[in-house]
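Chemist: Sequence and predicted structure are below.
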Protein chains: 2
Amino acid sequence: MRAIVYTAAGGPEVIALREVPTPEPGPGQIRVRVGASALNRADILQRKGAYPAPSGWPTDIPGLEYAGAIEALGTGVTRWRVGEGVMGLVGGGAHAEFVVVGEQEAVPVPPGMIWRDAAAIPEAFFTAYDALSTRARVAGGEGVLIHAAASGVGTAAIQLAKVMGATVTGTSRTKAKLEQLHELGLDAGIDTSKRPFRDQIVLPVHVILDVLGGPAFADNLAVLSPRGRLVLLGFLQGPVAPDANLDVILRKRLEVIGTVMRTRGPEERAALAAEFRDRVLPRFGAHVRTDLPMQSMGTPVRSDPTLKPVVHAIFPMTDARAAHEAMERNEGVGKIVLAW
Amino acid sequence: MRAIVYTAAGGPEVIALREVPTPEPGPGQIRVRVGASALNRADILQRKGAYPAPSGWPTDIPGLEYAGAIEALGTGVTRWRVGEGVMGLVGGGAHAEFVVVGEQEAVPVPPGMIWRDAAAIPEAFFTAYDALSTRARVAGGEGVLIHAAASGVGTAAIQLAKVMGATVTGTSRTKAKLEQLHELGLDAGIDTSKRPFRDQIVLPVHVILDVLGGPAFADNLAVLSPRGRLVLLGFLQGPVAPDANLDVILRKRLEVIGTVMRTRGPEERAALAAEFRDRVLPRFGAHVRTDLPMQSMGTPVRSDPTLKPVVHAIFPMTDARAAHEAMERNEGVGKIVLAW
């Protein structure tokens, strides 16, 4: 099969399309012909040599999510049939023509949804759902603050937080992105290009989804309401919090919760997939926007309460370099999809 | 009534015994004649001017816990009768002849237990139970690390963690204290007088009860197993964690949980009391050690699985200064009790 391979650690120039062995499904596994995948910051970090794949996953083929049709079944598979549309998370290897996953780790593609929309769902919505629901236990009437709200996880979290009955504040360094996010349900947009978010909070903050990291730690703790939860999802600004004062954590009885999807084992992956299938998947409408031309900007639309994958741009898998470059320009709202 | 009053912020010399107005129980409240109370670090901090009482509680009378007999009922009280023995937490004012509390915030004194043992229960066992069970969700087979394990909360936490089926590691700067703690159920004692605890861990650590604070933050995160929980209860070494690296929180999917008992409102206090009454109180045996002479060292005894208050020394309330001085010498195992 063909796959994206990182030939070395470095810039987009190390990305190559190579012929590699097609993986065989073992017992309880399925092989999926990848219709589309999407790009994540982790793929960029891995390309730079800063985020090696966890053991058991391809070391040189990136890609953490997929949508496509089941093409072969391992022995003992009972849940699926060949030809069914599935999507899900992997620890790596999804920027390829085929991926092999445990049958319990995949979820069905919502009815009528094409691969390039479905591929924008798993990492963003699994991560946001897990963070908001399982880890932060968001309750109706609470306020959620989402940093880098225009990211894939951010756009998913805005929608999920609204479904949970929360109010949503989102930050971005780009004012134009915030305007688009209001259509997804954002209640208060904070432009951090000129002033710190800490000085612009207008709604209560009970839960924060943070991807900024150490330098934002003190301000995050400062804006949280008593008994608030700070979920750490990434470190865009680095992991070090200079001279962190833990007193506020005790005094306001806060929780700081670290989470990461990639290193989870098959059982945890399966449990999350089962919960996602039951609680989140039914909320994706049967008919979704499918009219995005390749490499175009996606305009999020939100006229009803169904969840929608938010796609910023679509690139052919054969032009993965351009997709990496687009992510590093950091200019869009939502996911960058790679499609065969 | 007579009460301990801090006449100013300062050393033990600011402690005075004064005549003050006896508090009246309002609707739904009970007045308790305090048989005994106990001393907490918070009382010392308050004396030094560093920890003012939360609003709604006496500003100049210390004391966070009590055991004694109900002496008067406010209107509408249905749960109790005059003469019954109760114990519980207050936001302040327990170093006095009487306290007034909401009827739902008190729990019965275990059958046959004298005031001076019962007074050693609330702060230590409520705090340890809340931290281990409610906040850290300790499961059987997990490992718990308890810092300052010879403290009141530490000695309660050792016993409760064992009841929960956990293994227990405890730290102390005094080797002799660790030997006493083995009788309470401690599995591994770590003497931190010569080497950092980080280098002496032999059992897995899924949950930490920490009272050290900022300087221990990095080592605490380092010794936690994946998905571990660090509960912050105090800052004996100060609250600042120099250049905290949050990466380990994300990578190991840790939780940092701040908790404090004193500032909780009546509803939360009542909910915790109800849970404590149902789940913890029945585990205190009906017959407990009552042979401690005033001002003696208590030797913890653990020959059965019942919970036991651990009393280091008992002082007359009229000699509260000596009790403060004893706590500041930091030499005992368990609680320092103040008895009328």
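Modeler: Right, received. Where do you want to start?
Chemist: And the helices in the stretch 101-250 of chain A, which stretches?
Modeler: For the stretch 101-250 of chain A, the helices defined by DSSP state H, counting those that start in this stretch cover A:115-118, A:127-129, A:152-163, A:175-182, A:217-223, A:247-251.
Chemist: Switch those helices over to a markdown table; also include mean pLDDT and mean neighbour count.
Modeler: Using the backbone N, CA and C atoms, a C-beta is placed for each residue, glycine as well. Converted to a markdown table, those look like this (pLDDT from 0 to 100; neighbours: other Cβ atoms under 10 Å in any protein chain shown):
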| stretch | mean pLDDT | mean neighbour count |
| --- | --- | --- |
| helix A:115-118 | 96 | 25 |
| helix A:127-129 | 96 | 25 |
| helix A:152-163 | 96 | 28 |
| helix A:175-182 | 94 | 19 |
| helix A:217-223 | 98 | 20 |
| helix A:247-251 | 96 | 19 |
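Chemist: right, and A:R262 touches A:A94 too?
Modeler: No. Using Cβ atoms under 8 Å, A:R262 is not in contact with A:A94; the gap is 11.6 Å.
Chemist: who has more neighbours, the two?
Modeler: Between A:R262 and A:A94, counted using other Cβ atoms under 10 Å in any protein chain shown, A:A94 has the larger neighbour count: 34 against 18.
Chemist: Report the secondary structure state of the more buried one.
Modeler: coil (DSSP: H, G, I helix; E, B strand; the rest coil).
Chemist: Do I have it right that it meets A:L64?
Modeler: Yes. Shown here, A:A94 and A:L64 form a contact pair, counting by Cβ under 8 Å, at 6.0 Å.
Chemist: Around chain B, which positions in chain A sit nearby?
Modeler: By the rule Cβ under 8 Å from any Cβ of the partner chain, the part of chain A lying against chain B is A:213-214, A:217, A:232-235, A:239-260, A:263.
Chemist: Just the buried ones from these?
Modeler: A:213-214, A:217, A:232-235, A:239-241, A:244-250, A:252-260 (16 or more other Cβ atoms under 10 Å in any protein chain shown).
Chemist: any low-confidence regions in chain A?
Modeler: A:286-305 (pLDDT under 70).
Chemist: How is it partitioned into domains?
Modeler: Annotated domains of chain A cover A:2-121+A:284-339, A:125-258 [automatic domain parsing].
Chemist: Out of those, flag the one nearest B:S133.
Modeler: domain A:125-258 (15.4 Å; Cβ to Cβ).
Chemist: so how far is that closest one off the chain centroid?
Modeler: Mean-position distance between domain A:125-258 and its chain equals 15 Å (Cα atoms, centre = their mean, to the nearest Å).
Chemist: Report the separation between the two terminal residues of it.
Modeler: Terminal residues of domain A:125-258 lie 17 Å apart, using Cα to Cα, to the nearest Å.
Chemist: Buried ones in stretch A:120-137, by neighbour count?
Modeler: For stretch A:120-137, by 16+ other Cβ under 10 Å, it's A:120-133, A:135-136.
Chemist: bridging residues for the closest residue to A:I249 other than its chain neighbours?
Modeler: Nearest non-adjacent residue to A:I249, counting by Cβ to Cβ, 6 or more residues apart in numbering or on different chains: B:G258, 3.6 Å away. Counting by DSSP bridges, B:G258 is bridged to B:L232.
Chemist: A:N245 is in contact with B:G258, correct?
Modeler: No. Between B:G258 and A:N245 there is no contact under Cβ under 8 Å: 11.6 Å.
Chemist: so what's A:H206 closest to, chain neighbours aside?
Modeler: A:E142 is the one closest to A:H206 (Cβ to Cβ, 6+ apart), at 3.9 Å.
Chemist: What is the burial count for the one you found?
Modeler: Residues near A:E142, counting by other Cβ under 10 Å: 22.
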